[in-house]
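Colleague: what's the 3D shape of this:
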Amino acid sequence: MFHLGSFGLWEPDEARYAEIAREMLQSGNLLVPHLNYVAYVEKPPLLYWLTTISFRIFGVSEFAARLPTALSAIAGILATYFFTLRAFGRRHALLAAAILATTPLYALMAQVLTTDMTLTALVTIATFALYLHWLEGGRWCWVAYVAMGLAVMTKGPVGAAIPILSMLIWLAMKRELRGAVAKFRAVGGIAVMILIAAPWFVAMTIREPGFADFYFVGEHLRRVFDTDYSHAEAFYFYLPVLAIGLLPWSLLVPFLTWRIAARNPARSFCIVAASVTVVAFSCASAKLIPYILPAVPPIAVLFADGLVSLAWPSSDSRAALRVPDSRILIESGPMLALLGVGVIVAAAEAAQFRTPYVMAARPALYAIGAILMAGGAATTLMFATRRKAAGLGAIVVTLAFALIAGGWVRLEAEAMRSYASLSRAIATQAPDATIICYHRYVQSLPFYNQRRVILVGGRTELDFGARLDPDARSWFLDNDEHMLRRWEQPGPVVVVLDAGDLARLKESFGEFDVIAIEGKKRAILRRERISSEGGRGS
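Modeller: Residues are numbered from 1 along each chain as shown. Down below sits the predicted model:
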């Protein structure tokens, strides 16, 4: 929750999803998501509904926009804790939840408004509930089916595919596939998922011409099979993402020795669940860092299992026959300290990095480095005096403070990732102006100005909705001539464009005032003309 509403919505995802929810709240149309007042059907609506409810309760703001994502992250942590408690025990559960909460990738995405964290929470609940049904029976399978239905309503079929595929592969490895349909009440479970998810998809197919082809073929099959689809990366893309995103816990992996731990089927299940997610998304052509989030909770459980097995070996473990291997415990402190030194060196050499983000984050990086070094010293002291629980607690507290310090980076980086300041300036200085966005659609403009924006040039993600919009010719302009014609019409007009385009078109615009500058973007307001009768013209 730290700084959850203190920085502007980042482009493009946060501003896009927040605007969709704002338009739902304004129009009352909860069936068809709209972006810039045209149909936007790339994702199912569950996240939009949750954000709309948040806006309704707390008002339209950055905090309310990000709150459903933050609550989803907390739900994922609680689900991980509860699963680990039932499958391993309380000590494992506390550490698994703490590891998940202090994993930088998970903590970062907990404050970013995208569908990925909500999907991760629901997939985590479904995956772990399926295992608990295998372990304990009862009604756990119904929890899983409801979670999968909601996951499908968050990001499509992948929300059900990951948990089901994980369980099927694990059962096949254990040679327990026979009878699985009856054991897991699959027929009734599929019916539950259909009842949750199918009505929206059917209604959209009937109401919006071309939806089925656009969504199921364009948004799913192309992402998997089309190598020319956007966000294409190498097959191994997610391996370094996980190695870096799980720091510093990932540094401990080479020292963990699960083979000496007591046998537990939950361990192999978590390996399968994490592997299914990594392999599935690695095979897909389209790759983005947040896609891999569903793999993080089972990995956190595995990390916790490895650490607890070393620190407190069970009576049926081979490690119990000798002094516990505390190598990893002792070395974790110096690792933290060395990581802190590396962060400080990176801050000192910030000017050498090609990306401007490192320079913007420089003060926070110094603070993070100092926290890691101090925490590393405290951790080393705890483990050297054989206070294992205190040592693990010191790691968690150190990472928590480091992540809090890292929250300041978002404030410094706002100008590079958000057009909130520019959009607010337009809302203040030209509250009634027609807004024209030149070529690149700035997602923040309709959210902060609470009205529709005219787009010049490529329609990109708005193309599907624009083709169905009867007023598209008024809101989607094809070229500079059409834009300049609209610029000359009566009433205040603001154009948002890149500095280079402004220099090229400056003479064509005539007299104007620059009312906002942010990054490469400029917002210009047409200067009012003096009428021939001496009054001010429009």
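Colleague: Secondary structure element for residue 496, which one?
Modeller: strand 493-498 (DSSP states H and E).
Colleague: Contacts for the helix or strand just after that strand, please.
Modeller: Counting by DSSP H and E, the next helix or strand C-terminal to strand 493-498 is helix 499-509. Under the criterion C-beta atoms under 8 Å, 6 or more residues apart in numbering, residues 438-439, 480, 484, 487, 495, 497, 520-522, 524, 526 lie in contact with helix 499-509. All C-beta atoms are positioned from the backbone trio N, CA, C, and that covers glycine.
Colleague: Contacts only, for the closest residue to residue 114 other than its chain neighbours.
Modeller: Spatially, and ignoring its direct neighbours in sequence, residue 114 is nearest to residue 13 (5.0 Å; C-beta to C-beta, 6 or more residues apart in numbering). If you count contacts by C-beta under 8 Å, 6+ apart, residue 13 has them with 112-114.
Colleague: So how do I select the buried members of the residues you listed in PyMOL?
Modeller: Selecting the buried subset of the contacts of residue 13 in PyMOL, with 16 or more other C-beta atoms under 10 Å as the burial test, is done by:
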select buried, resi 112+113+114
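Colleague: and the contacts of residue 13 as JSON lines, adding secondary structure?
Modeller: Shown next, in JSON lines, are those (DSSP: H, G, I helix; E, B strand; the rest coil):
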{"residue": "112", "secondary structure": "coil"}
{"residue": "113", "secondary structure": "coil"}
{"residue": "114", "secondary structure": "coil"}
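Colleague: which of the contacts of residue 13 lies closest to residue 433?
Modeller: residue 113 (26.9 Å; C-beta to C-beta).
Colleague: Quick check: the closest one vs residue 429, distance?
Modeller: Distance, residue 113 to residue 429, using C-beta to C-beta, to the nearest Å: 27 Å.
Colleague: Equivalent analysis for residue 100, please.
Modeller: Separation of residue 100 from residue 429 (C-beta to C-beta): 45 Å.
Colleague: Those two: which has the busier surroundings?
Modeller: residue 100 (28 against 15; other C-beta atoms under 10 Å).
Colleague: Does that one touch residue 298 like I think?
Modeller: No - using C-beta atoms under 8 Å, residue 100 is not in contact with residue 298, being 9.8 Å away.
Colleague: From one end of stretch 375-392 to the other, what's the distance?
Modeller: 11 Å (C-alpha to C-alpha, to the nearest Å).
Colleague: Let me see the residues that make contact with it.
Modeller: Residues outside stretch 375-392 that contact it (C-beta under 8 Å, 6+ apart): 95, 307, 311-312, 326, 329-330, 332-340, 393-395, 397-399, 401-402.
Colleague: give me that answer again for 6 Å
Modeller: Residues outside stretch 375-392 that contact it (C-beta atoms under 6 Å, 6 or more residues apart in numbering): 311, 329-330, 332-333, 336-337, 394-395, 398.
Colleague: Now the two most distant members of the residues you listed.
Modeller: 311 and 337 (20.1 Å).
Colleague: Okay, now the sheet partners of the strand holding residue 496, with direction.
Modeller: Its sheet considered, strand 493-498 pairs with strand 434-438 (parallel), strand 521-526 (antiparallel) by DSSP bridges.
Colleague: what's the spacing between that strand and its chain's center?
Modeller: The chain centroid and the centroid of strand 493-498 are separated by 30 Å, computed with C-alpha atoms, centre = their mean, to the nearest Å.
Colleague: State the phi and psi torsions of residue 518.
Modeller: The phi/psi pair for residue 518 (degrees, to the nearest 10) reads phi -150, psi 120.
Colleague: Which helix or strand contains the residue nearest to it when sequence neighbours are not counted?
Modeller: Taking C-beta to C-beta, 6+ apart, and ignoring the residues beside it in sequence, residue 518 has residue 422 as its nearest neighbour in space, at 3.9 Å. When elements are assigned from DSSP H and E, residue 422 belongs to helix 420-429.
Colleague: cool, residue 111 as well?
Modeller: Assigning secondary structure by DSSP H and E places residue 111 outside every helix and strand.
Colleague: Which is the succeeding secondary structure element to the helix or strand bottoming out on mean pLDDT in the chain?
Modeller: For the chain, counting by mean pLDDT, DSSP states H and E, helix 222-225 ranks last in confidence among helices and strands (a mean of 58). Later in the chain than helix 222-225, the nearest helix or strand by DSSP H and E is helix 238-245.
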